[in-house]
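Asks: show me how the following folds:
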Amino acid sequence: QVQLAESGGGLVQPGGSLRLSCAASGRAFSSYTMGWFRQAPGKEREFVATTAWTSRNTYYAYYSDSVKGRFTISRDNAKNSVYLQMNSLNAEDTAVYYCARGVGGRPTSQDGYDVWGQGTQVTVSS
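Replies: Now for the predicted structure:
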């Protein structure tokens, strides 16, 4: 059974940075699409970023408009890990952040993922 474990969340001031990590157990990590989602209090879970293998033998990254230019998703297949570097954080980024393993379908939709971590809290506040 594949398991995902997020880490790296915490309290940060507006304008600050955090790097989230997600460690995956199991094999064939490199072939899976991996994504980050977040859920703010009282709101639905929303897509943040995804990375997937392409037919051109490279990974692509795709971001929501709200984080594009500020967040960077990356992965280290040797460590079975995916990361989310978050810069220029603001209060609207406060949420629980989840990583997830893709199983096909739309990579921006929760329906495209089958395994989820327990989440890590990110709070942006002065």
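
Asks: which residue would you name as the spatial centre of this protein?
Replies: Per Cα atoms, centre = their mean, the C-alpha nearest to the average position across the chain is that of Trp36, at 2.2 Å.

Asks: from Gly26, how far out is it?
Replies: Relative to Gly26, Trp36 is positioned 19 Å away (Cβ to Cβ, to the nearest Å). In short, each C-beta sits where N, CA and C put it, glycine included.

Asks: one more: Ile73?
Replies: Taking Cβ to Cβ, one finds Ile73 at 20 Å from Gly26.

Asks: and what of Ser88?
Replies: 34 Å.

Asks: which stretches of this structure form strands?
Replies: 4-7, 10-12, 18-24, 34-39, 46-53, 59-63, 71-76, 81-86, 95-102, 113-116, 120-124 (DSSP state E).

Asks: including mean pLDDT, could the ones you listed go into CSV?
Replies: Converted to CSV, the strands of the chain look like this (pLDDT from 0 to 100):
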stretch, mean pLDDT
strand 4-7, 97
strand 10-12, 98
strand 18-24, 97
strand 34-39, 98
strand 46-53, 94
strand 59-63, 93
strand 71-76, 96
strand 81-86, 97
strand 95-102, 97
strand 113-116, 95
strand 120-124, 98
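
Asks: cool, thanks, talk later.
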